[in-house]
Every structure is written in structure tokens, then in C-alpha cells.
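Visitor: Just the structure for this:
(one chain, ligands or ions: 2)
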Amino acid sequence: MPSFKAAILGFGTVGEGVYRILQEKREEIRENTGFTVDVVTILVKDKTKKRKPISGVKITDNIRDILDDPEIDVVFEAIVGEEPAYTYLSDAIEKGCHIITANKKMFAKHGPALLKHAEFRNVQVGFEATTAGGVPVIRTVSNLLAGDRIKRIQGILNGTSNFILTKMREEGSPFKKALLDAQKNGFAEADPSDDVDGTDAFRKLMILSSLSFGQQPDWEDVPVVGIEHIQPIDVIDASKGDLRYRHVADIWIDDNDKLLGTVGPVLIGANHPLFSIDGVDNAIIIETEYLGQLTLVGPGAGMYPTGSAMVADLLHIIRQQEVVMVTN
Ligand SMILES: NC(=O)C1=CN([C@@H]2O[C@H](COP(=O)(O)OP(=O)(O)OC[C@H]3O[C@@H](n4cnc5c(N)ncnc54)[C@H](OP(=O)(O)O)[C@@H]3O)[C@@H](O)[C@H]2O)C=CC1
Ligand SMILES: N[C@@H](CC=O)C(=O)O
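Guide: Numbering: from 1, shown residues only. Ligands and ions are numbered 1, 2, ... in the order given. Below you'll find the predicted structure:
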């Protein structure tokens, strides 16, 4: 039985989600693809942290245990920040591993270089989980690009901000309490200021920009505003007038072929497709030349939605292996 040996970098909300899904779906994956997937090594920062024991898996704080293991085929990355994540993934590609990442902070900046490197080394890069959690926006845009042209992408790309705005409207929750709830649910970043000041949504928008338009605007040209100055009273007052605050990231090509972007809170009315998107959900409106408009909606953060996006990337890679095996 052919098998895929996997390593997971990071065992927090997302890394543990990937591990659990691979365990829970092990038989189903084997039946559907003919491959078994074995997680052999997990990298963490602090090996002394108390964790539930995981049998048959090496827990390490030394990346060499993964990079020097000739058996590993795929590296899932769910650690925090640009470095050392970028270096670890570059090294994994160099050694011939497929990589699957959820790390948008790293990927917004280094995604294009990783993709180029991977193409050169003939391995795959999965990055569905970098943008909109469990919503398959990367796969959808990639599929559309085969025969269409993206004109504009607009959406709610940060689950924590949307969760906070919803808690304010529905329960009158103070900002701090709503943020704490989002943190308890595993939605927020290690540094939640990235969520509430718009930076996280901006990074996801840049990833979508590279994919959709083959380029990113100059980062300094994109105005980025967060939700941290919005009070429950503002949200409640707006809803009395049938308006809702949504944190919206928007990127489009203007009539002069210039790529423009904005990120910030917007007041929208009941006819807008983003009006009814509540809680941790994200929504992405994709506008194309031939299809017209398509809206994707789903959970934008959390253990299982994000883990499932990464496992879906793995299944996509496995299916491509199957195609190679059949054609050879
Ligand atoms: N939470 C979510 O819903 C989503 C998160 N993401 C992204 O996924 C990544 C992980 O997020 P999340 O799981 O929430 O984060 P957590 O803080 O829950 O977990 C981070 C994990 O990474 C490990 N880690 C951090 N830095 C290093 C390092 N330098 N070397 C080795 N291990 C390290 C930590 O080790 P230790 O356990 O020892 O502390 C921990 O296990 C982030 O990049 C985030 O932006 C993407 C989509 C959704
Ligand atoms: N902190 C992020 C997690 C997913 O990307 C969010 O709230 O959207």
C-alpha cells in the first residue's frame, strides 16, 4: 500500500486540527485514494509544554529531525510569523517535499518565491488555509483562472473581526469581551492586533491578489483600517437604521488597468451580499469577465475548518500523484 509520510510544524489550534482530521479520516482517505497518510513528526517551539501523548509520533523542537528525515513526503506548516517558517519551507522544498501552509503572514510576502521554488523542484504548494479558513477560495479562483479573468474580489476575510462585530450587534458585547471569546474559540491570531487592525485581512487580500492578478499592489498604497475604534453603540445604532458594519477587503483592476485595494469597515445595507454574514464566517464575492459574480461563504477560522482546508490540499496533491502513476 503506497503511503505518504507527513510532518506537521506547529501543534496549536491548526496543527492539531490537521492531525485530528488525518487520524479520524485515515480509513476514508485510504479507501478513496489508495494511500495511507502517516504523521511521523511534529515540530513545536516548547517541548516541555504539557500535551496529550500522541503514540507513534515524534514530538521535537529541532527542525533537523524533519529536514534530515528522507522518508517525509509532505510538510504541513502551522507555526507563527514570517520566520523561521519561510526558511523551514524553503528547505523542505529543496529536499523534495510538498508543502502545505496556513501561515498567511509568511505567505503574503514569500508565497510567490515559494511557488517558483516548488515549480523548479517539481513539488506542490498547498495554501488554501492561508485565506478565509475553511472556505475553498484559492481552489475556486485557481479553477476560474483556467478559462476566465478575475476583475474584482471583495469580501470579509477576517473571522475574528466579523465575530466581534456580530457579538456587539447581537449581544451588545464590549469589544474586549468579544475579542476574548474569539481567542477562546481559537479564531484569533497569537497577536490579535493583526485581526482587529486589519493587517490579517490585508495579508489575505495580497495572497488573493497574487493568485488572481499575478501581482500585488504596493503595500503602502493600500489603505488599511481595522475595527478597533468601533463601539457596540455604533453597531447597534447602525442596525436600527437597517445597516451593518462589515470589515471588507477589496481588490480590483480599474479602467486604466491599475490594481487598487482597500481594507476597512464599511456600512452596508440589506441588499448587499455581505449583509447577512455573521459570526466567524467569511464571505468572498468574486467578479469575473464571463461568469459574472459568485459568492463563497463559510467558517473563516478555527481548528476543524482550517485543518480541513489543509487536508483538502493534501488530497489534491495525492490525486496528482495518482495521475502521474497512471500516466507513467
Ligand atoms: N487559528 C486559526 O483559525 C487560523 C490560523 N491560521 C494560521 O495558522 C498558523 C497557526 O495558527 P494557530 O494554530 O492558531 O496558532 P497557535 O498559537 O495555536 O499554535 C502555534 C503552534 O506553532 C508552534 N510554534 C510557534 N512558533 C514556532 C517556532 N518558531 N518553531 C516551532 N514551533 C513554533 C507553537 O509551539 P508550542 O505549542 O510549543 O507553543 C504552537 O504549537 C498561524 O500562522 C496562523 O496565522 C490560519 C488560518 C486560521
Ligand atoms: N485570525 C484569523 C484566523 C484565520 O485566518 C481570523 O480570525 O480570520
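
Visitor: which residue sits closest to residue 209 in space, ignoring its chain neighbours?
Guide: Nearest non-adjacent residue to residue 209, counting by Cβ to Cβ, 6 or more residues apart in numbering: residue 216, 4.7 Å away. Where you see a C-beta, it was placed from the backbone N, CA and C, and this is true even at glycine.

Visitor: Now the one you found. Its backbone dihedrals?
Guide: phi -120, psi 150 (degrees, to the nearest 10).

Visitor: Return the residues in contact with it.
Guide: Counting by Cβ atoms under 8 Å, 6 or more residues apart in numbering, residue 216 makes contact with 206, 209-210, 259.

Visitor: distance of the residue most central in space within the chain from residue 207?
Guide: With distances taken as Cα atoms, centre = their mean, the chain has residue 130 as the residue nearest its mean C-alpha position (2.2 Å). For residue 130, the distance to residue 207 equals 5 Å [Cβ to Cβ, to the nearest Å].

Visitor: Tell me the residues that contact both of the two, please.
Guide: Common contacts of residue 130 and residue 207 (Cβ under 8 Å, 6+ apart): 104, 107-108, 111, 138.

Visitor: Show me which residues of this structure sit near ligand 2.
Guide: By the rule Cβ under 6 Å from any ligand atom, the part of the chain lying against ligand 2 is 133, 158-160, 187-189, 195, 200, 300-301.

Visitor: So which of these reach ligand 1?
Guide: By Cβ under 6 Å from any ligand atom, the members of the residues of the chain next to ligand 2 lying near ligand 1 are 133, 187, 189, 301.

Visitor: of those, closest to ligand 1?
Guide: Distance ranking of those against ligand 1, using Cβ to the nearest ligand atom, places residue 301 first at 3.4 Å.

Visitor: Is that closest one in a helix, a strand, or coil?
Guide: coil (DSSP: H, G, I helix; E, B strand; the rest coil).

Visitor: May I have the residues that are in contact with the nearest residue to it once chain neighbours are set aside?
Guide: Closest residue to residue 301 apart from its sequence neighbours, by Cβ to Cβ, 6+ apart: residue 159 at 3.5 Å. Residues counted as contacts of residue 159 (Cβ under 8 Å, 6+ apart) are 133, 182, 187, 280-282, 299-302.

Visitor: Map the structural domains onto the sequence of the protein.
Guide: The chain is divided into the following domains under automatic domain parsing: 3-133+304-327, 137-300.

Visitor: Mean pLDDT for those - can I get that in CSV?
Guide: Listed next are those as CSV, based on pLDDT from 0 to 100:
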stretch, mean pLDDT
domain 3-133+304-327, 95
domain 137-300, 97
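
Visitor: And the strands in the stretch 151-300 of the chain?
Guide: Along the stretch 151-300 of the chain, the stretches classed as strands by DSSP state E, counting those that start in this stretch are 243-253, 259-269, 281-288, 292-299.

Visitor: Distance to residue 151 and mean neighbour count added to those, as JSON lines?
Guide: As requested, the strands of the stretch 151-300 of the chain are exported to JSON lines (distance: least, Cβ to Cβ, whole Å; neighbours: other Cβ atoms under 10 Å):
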{"stretch": "strand 243-253", "distance to residue 151": "6", "mean neighbour count": "21"}
{"stretch": "strand 259-269", "distance to residue 151": "11", "mean neighbour count": "18"}
{"stretch": "strand 281-288", "distance to residue 151": "5", "mean neighbour count": "22"}
{"stretch": "strand 292-299", "distance to residue 151": "10", "mean neighbour count": "15"}
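
Visitor: Out of those strands, which is closest to residue 318?
Guide: The minimum distance between residue 318 and those falls on strand 292-299, with 23.0 Å, by Cβ to Cβ.

Visitor: outside of the closest one, which residues touch it?
Guide: The contact list for strand 292-299 (Cβ under 8 Å, 6+ apart) reads 132-137, 140, 159, 273, 277, 280-288, 305.

Visitor: if you set the cut-off to 6 Å instead, what comes out?
Guide: Strand 292-299 is touched from outside by 133-135, 137, 273, 280-281, 283-287, 305, with contacts defined as Cβ atoms under 6 Å, 6 or more residues apart in numbering.

Visitor: Out of these, which comes closest to ligand 1?
Guide: Closest to ligand 1, out of all of these and judged by Cβ to the nearest ligand atom, is residue 133, at 5.0 Å.
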